[in-house]
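[1] coords please:
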Amino acid sequence: MGDFFIVSLAGIAVGLIVGEILYLLHKYLPTTPQIDTALTLMAPYLMYLLAEEFHFSGVLAVVSGGLFLSFRSHSFLSYRSRIQSANVWSTVVSY
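    As a prediction, this is how the structure comes out:
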């Protein structure tokens, strides 16, 4: 029972840490909409793979990191980046 909570909390922590790192990259490095879109596509994979590398919950890492980044996206993504990312994600997630 204790292992479940450790794996869950550590997965959430990994997602938030990776989300914070990506947030700082977006915010302080000069980026273009293409770079921003590439980083938003790579973010869930980085979160998942890093969490799974340490045998933590990759799904909770992606969910927590994604919520963190989406909550703060207005402060680091330009309107062009948001439009381009939304179009790319709608293509990637299309049914």
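[2] longest helix in this structure, please.
    helix 2-28 (DSSP state H).
[3] which parts of that helix are buried?
    By 16 or more other Cβ atoms under 10 Å, the buried positions in helix 2-28 come out as 7, 10-12, 14-19, 22-23, 26. C-beta here means a position set from N, CA and C on the backbone, and glycine is covered the same way.
[4] now the element after it, going C-ward?
    Using DSSP states H and E, the next helix or strand after helix 2-28 towards the C-terminus is helix 33-53.
[5] quick one: average pLDDT of stretch 59-71?
    Regarding stretch 59-71, the rounded mean pLDDT is 95.
[6] give me the contact list for it.
    The contact list for stretch 59-71, computed with Cβ atoms under 8 Å, 6 or more residues apart in numbering, reads 8, 11-12, 14-16, 18-20, 22-23, 40, 43-44, 47-48, 50-51.
[7] for residue 74, see how far away residue 82 is.
    Going from residue 82 to residue 74 by Cβ to Cβ, to the nearest Å gives 8 Å.
[8] what about these two, which has more around it?
    Per other Cβ atoms under 10 Å, whichever of residue 82 and residue 74 has more neighbours is residue 82, with 16 against 9.
[9] output the helix or strand hosting the more buried one in CSV with nothing but the alpha carbons.
    Taking DSSP H and E as the definition, one finds residue 82 inside helix 79-92. Output of helix 79-92 as CSV, limited to C-alpha atoms (Å, rounded to 0.1, in the frame of the first residue of the first chain):
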residue,chain,number,x,y,z
TYR,A,79,-0.6,34.1,-29.6
ARG,A,80,1.1,32.7,-32.7
SER,A,81,2.6,29.8,-30.7
ARG,A,82,-0.7,29.0,-29.1
ILE,A,83,-2.5,29.0,-32.5
GLN,A,84,0.2,26.9,-34.1
SER,A,85,0.4,24.5,-31.2
ALA,A,86,-3.4,24.1,-31.2
ASN,A,87,-3.4,23.3,-34.9
VAL,A,88,-0.6,20.8,-34.6
TRP,A,89,-2.2,19.1,-31.6
SER,A,90,-5.6,18.9,-33.3
THR,A,91,-3.8,17.1,-36.2
VAL,A,92,-1.9,14.7,-33.9
